[in-house]
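Peer 1: Take this sequence and fold it.
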Amino acid sequence: MSKMQLGVIVRLGAVPEEALQKVADLELPTCQLAVWNESLATPEMAAKVKAAAEQTGVQISAVWMGWPGPKAWNFIDGPATLGLVPEAYRGMREQALIKGSRFAAELGVDLLVTHVGFIPENPSDPLYPGLVASLRYIVRECRANGQTFCFETGQETPTTLLRVFEDLGGENVGVNLDPANLAMYGKANPNDAAEVLGPWIRGVHAKDGLYPTDGRNLGKETPLGQGVVDFPRLIETLKKHDYAGAITIEREISGPQQIADIKAAVVYLSSLIN
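Peer 2: Numbering: from 1, shown residues only. Below you'll find the model as predicted:
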């Protein structure tokens, strides 16, 4: 893509045409394809997805790969359940991400995105060396498949991500910038984080939200323009760093209100990226 294009994140189900048709119905040119059921990440499904993408004219900008096991999206149980950080689930999640990388390769998609988890701030934390070794293994597989492995922001500070990139050697790693997550997890001002991570940004989620109000629960997600993310400044920062990828709208609710909020986000963002 020569300039930023809008898109939306959709979840892959048993009938891929349904997910991609949602994107086409919103008249958006791109999507991130979220795969939480790893049994769908097969060559046969990849062929169906490619056919659906060709039929609808939708470009898949990234595969967002989930992982098996427990998931607690909060500050109490999250560190012990999310991503690759917990040793108890690391092995099976490595394999899910490797499977996701091969699935993305079948699709011809060059970005694999996931939440790595609550990466320790302290590099002397005993969990850190094993996490880096696991990431090195996955990143190497992504490199063999022609992909950049992208850390979705939120559960770690921007400077912690920089350290991980340095420890991984800096090759074929990047950021899927979710500005709302940075606020909702209380890890950074979203716009300051974009300045820190600018050279590493390979994907962007257009999502808005509020800072946490207690020490147990994430801040609340909001429609675009109703949270703390300064989208005009964010888009300018992306342009300054020559970002030319997709701006992928994410609204983590369901039903008619989700569609209404996505449509409003399209109007709002279109005025900023053009």
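
Peer 1: what sits up against stretch 261-269?
Peer 2: 6, 8, 26-28, 206, 223-225, 231, 235, 247, 249, 251, 253 (CB atoms under 8 Å, 6 or more residues apart in numbering). From N, CA and C alone the C-beta is placed, and that goes for glycine too.

Peer 1: Sorry, slip of the keys, the one I care about is stretch 242-259.
Peer 2: Applying CB under 8 Å, 6+ apart, the contact partners of stretch 242-259 are 1-9, 26, 28, 30-32, 61-62, 178, 180, 198, 201-207, 221, 223-224, 235, 261-262, 265-266, 269, 273.

Peer 1: rerun at 7 Å
Peer 2: Residues outside stretch 242-259 that contact it (CB atoms under 7 Å, 6 or more residues apart in numbering): 1-9, 30, 32, 61, 201-207, 221, 261-262, 265, 269, 273.

Peer 1: quick one, phi psi at A34?
Peer 2: Dihedral pair for A34: phi -90, psi 130, per degrees, to the nearest 10.

Peer 1: can you check D77 too?
Peer 2: Backbone phi and psi, for D77 under degrees, to the nearest 10, turn out to be phi -100, psi -10.

Peer 1: For it, grab the count of nearby residues.
Peer 2: Applying other CB atoms under 10 Å, we find 13 residues neighbouring D77.

Peer 1: Mind pulling the model confidence for it?
Peer 2: pLDDT recorded at D77 is 98.

Peer 1: N274 now?
Peer 2: Looking at N274, the pLDDT reads 83.

Peer 1: Do you know the pLDDT at K3?
Peer 2: Looking at K3, its pLDDT is 83.

Peer 1: Skip the chain neighbours and tell me the closest residue to it.
Peer 2: Leaving aside its sequence neighbours, K3 sits nearest to A244 (CB to CB, 6 or more residues apart in numbering; 5.7 Å).

Peer 1: same check, this time on Q21
Peer 2: Leaving out its chain neighbours, the residue that sits closest to Q21 by CB to CB, 6+ apart is T56, at 6.0 Å.

Peer 1: what does G57 give?
Peer 2: Leaving aside its chain neighbours, G57 sits nearest to A24 (6.7 Å; criterion: CB to CB, 6+ apart).

Peer 1: go on, P123?
Peer 2: In space, and not counting its chain neighbours, P123 is closest to R163: 6.3 Å by CB to CB, 6+ apart.
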